[in-house]
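1. The sequence and its predicted three-dimensional model are supplied below.
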Amino acid sequence: SDGLVVVGASSSQLWAVIALQEPRATRLPQIPGLGAAGGAAGGDESLGISCIAVLEPRYTLSSGLEVLAAVGETVWVVDDHGATDYPLPAGCGGISQMAVAPNGAFVALACNDGRLRVMASDFSQQLSEFDSRSGVPPADVAWCGVDAVALRWEGLLLLVDPYGHWIKRGCDEPVGLVTEVDGLRVITAGGCSLLRRVPEACVQVYKPGSTAPSAQLLDARDLFDSGNAKADKILRQMGGHLQEAVQGCATAAGLELDVTRQKALLKAAIFGRAFVPSMPAGVLKDLTVKLRVLNALRDPSVGLPLTMPQLEALTLPVVVHRLVLMRQHLLAFKIASEALGGVGKQEVLLHWAAAKISASPAVPDDRLKQEIAAKMSQIERPRYAHLAAHAQSVGRRSLAIKLLEEEPSAAQQVPLLISLAKTSTSTSAGAAADADAAEDTLGRALRKAVESGDPDLVYLSLFAAYKTRSLPEFWKLVSPRAPARNLFVKYTRVKEPELLETLYTTNQLHQESADLALERALKALNSNNGSSTAGVYSRPSDDDVNKCISGLQSAAKEYAQCRDAGWQSKAANEAASLFKEQLKLERDTGQVLFVGLSLADTITTCLKLGHQRQAANLRKQFAVPDTRWYWLKISALAAAHDWDGLDLFAGERKSPIGLEPFLEVAQKHGGPREVMMR
């Protein structure tokens, strides 16, 4: 129902588009015997596809699309798997027009011999045949429901039923025939007529002399209204047929087009239902709602005349959608509210609001926003993002921003705010006011993203601001919002550390810049240990050590400019100096084992290896306290089993730690007895 089938004019190639919402052409198999020019392969140009009809997938056994193509005196059924031929009776002269019944069960063929043939849709049998006695093929063929077939010639419309009965009517002007599930719509330049078979339920009620239960119930209601006691007698005579009578009157009311008769039939049904307690009460209520909908649709101001079978075939949501497209918003909203339980109300209001925005260019933004919000408040969680996008598309940027303030979903709100900011920047980049507005819009987007707690939305806002703002402006926008700032720092720390350093330096963020420099220094020092064997220390290269020294010096310089970071500045300077001394020690001694040691371990290693002068220089340079110096030296001498040196050191001058530690370290490292007794 929402696709199409086309035939190549020159090649007779069939193409199908299943859904127009996402059109994608599918090439169907070629009909055998048709050449590249559309004629027969043997060169008979008179043979080609004369007409086609479509069997929708819901009516086929394969649940796939089937195309009926008439070629000469043969009908080909083409689907995804191939083409199957069904020859017609000899002498039919080919087919000029073809139509499929609304239920997909029958196919009407108007042949060139003047005969109308109706066949089953699988061409297993011919159901009827009618001779029109016309030497001119009809211009159009259409089904009148499934009860008759209409043939149209210029100035004449002929209706033929399955039994060969026919009626005709003149056509003084061009007409179009549209098949409905229960009839035929005849459209002219001046109006629209509906041809249909009188429904059986209406025949049972209104047929003269009818004794059907529904007719008796209608009579009983009329008598009851007039105060005639005979109404009770009729009800008693109906006995067990009373429920059948109620259903018959209800069905007839639904099929009746006249409002007065509808009311009479509904009154009769309600009257009879009072005596049938087993019948559900909701049946008549639902029928009444549908009749109110149908009567409203048939009003000339709406112009959508439908019958009950057509309404049931379309369904109420489709009717609401069509009313929206016709801009009958009030009626569509009422139907969605009353007949659909609120389903579809939001779509109706969104379309109404978009139309109002387009039609109100002179209405101030605040007033228009208030009018829209007053209507949208009738539904839960209204979606304003769609309206804001529409306002943006028609040039109402300020209105779009105001509408977005009401949008409850940050995932819908933030991307559109970013789009609005970009639009403002691109349309008038030289205007200061617009630049401020774009800045404010980006600020709104970032604020909403932070409030949502969604990191993806925050990153989306951050990257949009970074691409459209200078670095100082960007940081001014981001820095007051701690979650956004932390996410940006986390990203740049991993992906673009140089950018983060530039950002800190430009904005004179000394503490953050110092921390970054310190982190970079430690990372350079440990660059080789990331891939080394677990538990085994790998000495960094000299280049890495020099990078570490540079980073520590930068950190010390930045810490020095902070109010409460004097200790950090001094520690970074001393660490840089220690690395320098360790490199110098390795160059002087030729022993690559000092870099990366602590000051105490460096002094201890020098003493163990006999580098007394270098150890003394380290003590002096880093102002190692005497107590600490004595402990380091006696431990190193004892570990090296330099008992003479330990004895000599003990006698140099008065020890600030006493002599007991000398005995303890000697005993710990297995000193000789004579050393212990000195």
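-> Looks like it came in fine.
2. Every contact and neighbour count from this point should use C-alpha atoms.
-> Fine.
3. what sits up against stretch 242-260?
-> The contact list for stretch 242-260 (Cα atoms under 8 Å, 6 or more residues apart in numbering) reads 199, 201-202, 205, 212-218, 235, 261-263, 265-266, 268-270, 272-273, 275-276, 279, 284, 287, 291, 295, 307-309.
4. Repeat that for stretch 381-394.
-> With Cα under 8 Å, 6+ apart, stretch 381-394 has contacts from 346, 350, 353-354, 357-358, 376, 397, 399-401, 403-404, 406-408, 412-413, 416, 420.
5. can I get the CA coordinates of that stretch in CSV?
-> The C-alpha atoms that make up stretch 381-394 are tabulated as CSV, following Å, rounded to 0.1, in the frame of the first residue of the first chain:
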residue,chain,number,x,y,z
ARG,A,381,7.0,14.8,28.8
PRO,A,382,6.4,16.8,25.6
ARG,A,383,9.3,16.8,23.1
TYR,A,384,10.3,20.4,22.4
ALA,A,385,13.5,19.5,20.5
HIS,A,386,11.5,18.8,17.3
LEU,A,387,9.8,22.2,17.6
ALA,A,388,13.1,24.0,18.3
ALA,A,389,14.7,22.4,15.2
HIS,A,390,11.7,23.6,13.1
ALA,A,391,12.0,27.1,14.6
GLN,A,392,15.7,27.1,13.6
SER,A,393,14.9,26.0,10.1
VAL,A,394,12.5,28.9,9.6
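6. Use 20 as the first number for this chain going forward.
-> With the count now opening at 20, the last piece we talked about shows up as stretch 400-413.
7. Show me which positions of that stretch end up buried.
-> 401-411 (16 or more other Cα atoms under 10 Å).
8. cool, stretch 641-658 as well?
-> Buried residues in stretch 641-658, defined by neighbour count with 16+ other Cα under 10 Å: 648-658.
9. thinking again about what came up before, Throw the buried residues of stretch 400-413 into CSV and include pLDDT, thanks.
-> Converted to CSV, the buried residues of stretch 400-413 look like this (pLDDT from 0 to 100):
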residue, pLDDT
Pro401, 87
Arg402, 88
Tyr403, 90
Ala404, 91
His405, 91
Leu406, 92
Ala407, 91
Ala408, 91
His409, 92
Ala410, 92
Gln411, 90
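10. Next, format those residues as TSV and append distance to Glu520 and secondary structure.
-> Below are these laid out as TSV (distance: Cα to Cα, whole Å; DSSP: H, G, I helix; E, B strand; the rest coil):
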residue	distance to Glu520	secondary structure
Pro401	45	coil
Arg402	42	coil
Tyr403	41	coil
Ala404	38	helix
His405	41	helix
Leu406	42	helix
Ala407	39	helix
Ala408	38	helix
His409	42	helix
Ala410	41	helix
Gln411	38	helix
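11. Now the buried members of the contacts of stretch 400-413.
-> Those of these that meet the buried threshold are 365, 369, 372-373, 376, 395, 416, 418-420, 422-423, 425-426, 432, 435, 439, by 16+ other Cα under 10 Å.
12. Now, those that are in helices?
-> 365, 369, 372-373, 376, 395, 416, 418-420, 422-423, 432, 435, 439 (DSSP state H).
13. Any stretches of the stretch 220-369 of the chain with poor pLDDT?
-> Scanning the stretch 220-369 of the chain for pLDDT under 70 picks out nothing.
14. if we go to 90?
-> Filtered on pLDDT under 90, the stretch 220-369 of the chain yields the residue ranges 248, 255-259, 293, 295-302, 360-361.
15. can you give me the helices in it?
-> With DSSP state H, counting those that start in this stretch, the ranges of helices along the stretch 220-369 of the chain come out as 232-244, 249-257, 261-274, 278-292, 301-316, 327-333, 335-344, 348-357, 364-378.
16. Just the buried residues of the fifth one, please?
-> Counting neighbours by 16+ other Cα under 10 Å, one finds that the buried residues in helix 301-316 are 303, 306-307, 309-310, 312-316.
17. Mind putting those into JSON lines with distance to Ala88?
-> Below are the buried residues of helix 301-316 laid out as JSON lines (distance: Cα to Cα, whole Å):
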{"residue": "Leu303", "distance to Ala88": "46"}
{"residue": "Leu306", "distance to Ala88": "42"}
{"residue": "Thr307", "distance to Ala88": "44"}
{"residue": "Lys309", "distance to Ala88": "40"}
{"residue": "Leu310", "distance to Ala88": "41"}
{"residue": "Val312", "distance to Ala88": "40"}
{"residue": "Leu313", "distance to Ala88": "38"}
{"residue": "Asn314", "distance to Ala88": "40"}
{"residue": "Ala315", "distance to Ala88": "41"}
{"residue": "Leu316", "distance to Ala88": "37"}
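18. what's the farthest-apart pair in those residues?
-> Leu303 and Leu316 (19.8 Å; Cα to Cα).
19. a markdown table please, covering the buried residues of stretch 641-658 and showing pLDDT and secondary structure.
-> As requested, these are exported to a markdown table (pLDDT from 0 to 100; DSSP: H, G, I helix; E, B strand; the rest coil):
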| residue | pLDDT | secondary structure |
| --- | --- | --- |
| Trp648 | 83 | helix |
| Tyr649 | 83 | helix |
| Trp650 | 86 | helix |
| Leu651 | 86 | helix |
| Lys652 | 83 | helix |
| Ile653 | 82 | helix |
| Ser654 | 84 | helix |
| Ala655 | 84 | helix |
| Leu656 | 83 | helix |
| Ala657 | 82 | helix |
| Ala658 | 84 | helix |
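20. gap between the residue nearest the centre of the chain and Lys467?
-> By Cα atoms, centre = their mean, the chain has its centre lying nearest to Gln431, at 10.4 Å. Taken as Cα to Cα, to the nearest Å, the spacing of Gln431 relative to Lys467 amounts to 11 Å.
21. Verify the contact between Leu465 and Ser480 for me.
-> Yes. Under the criterion of Cα atoms under 8 Å, Leu465 makes contact with Ser480 at 5.5 Å.
22. Now the common contact residues for these two.
-> Listed as contacting both Leu465 and Ser480 by Cα under 8 Å, 6+ apart are Val433.
23. Just the buried positions in stretch 592-606, please.
-> Going by neighbour count (16+ other Cα under 10 Å), the buried part of stretch 592-606 is 592-598, 600-602, 604.
24. Sorry, slip of the keys, the one I care about is stretch 166-179.
-> Within stretch 166-179, the residues that count as buried by 16+ other Cα under 10 Å are 166-172, 176-179.
25. again, but for stretch 326-346
-> Neighbour-count burial for stretch 326-346 [16+ other Cα under 10 Å]: 326-327, 330, 335-336, 338-340, 342-343, 346.
26. Closest to His260 out of those residues?
-> Closest to His260, out of all of these and judged by Cα to Cα, is Met327, at 24.8 Å.
27. contacting residues around the closest one?
-> For Met327, the contacting residues are 273-274, 309, 313, by Cα under 8 Å, 6+ apart.
28. Go again with 10 Å.
-> With contact set as Cα atoms under 10 Å, 6 or more residues apart in numbering, Met327 has these partners: 201, 270, 272-276, 306, 309-310, 312-313, 333.
29. again, but for Val477
-> 433, 464-471, 483, 502-504, 506-507 are the contacts of Val477 under Cα under 10 Å, 6+ apart.
30. quick one: which of those sit in helices?
-> 433, 464-471, 483, 502-504, 506-507.
31. List buried members of those residues by neighbour count.
-> Buried among those by 16+ other Cα under 10 Å: 433, 464-469, 483, 502-504, 507.
32. between the residues you listed, which is nearest Trp494?
-> Closest to Trp494 out of these is Arg504 (8.5 Å), distances taken as Cα to Cα.
33. surely the closest one meets Val497?
-> Yes. Contact criterion Cα atoms under 10 Å: Arg504 and Val497 qualify, at 5.7 Å.
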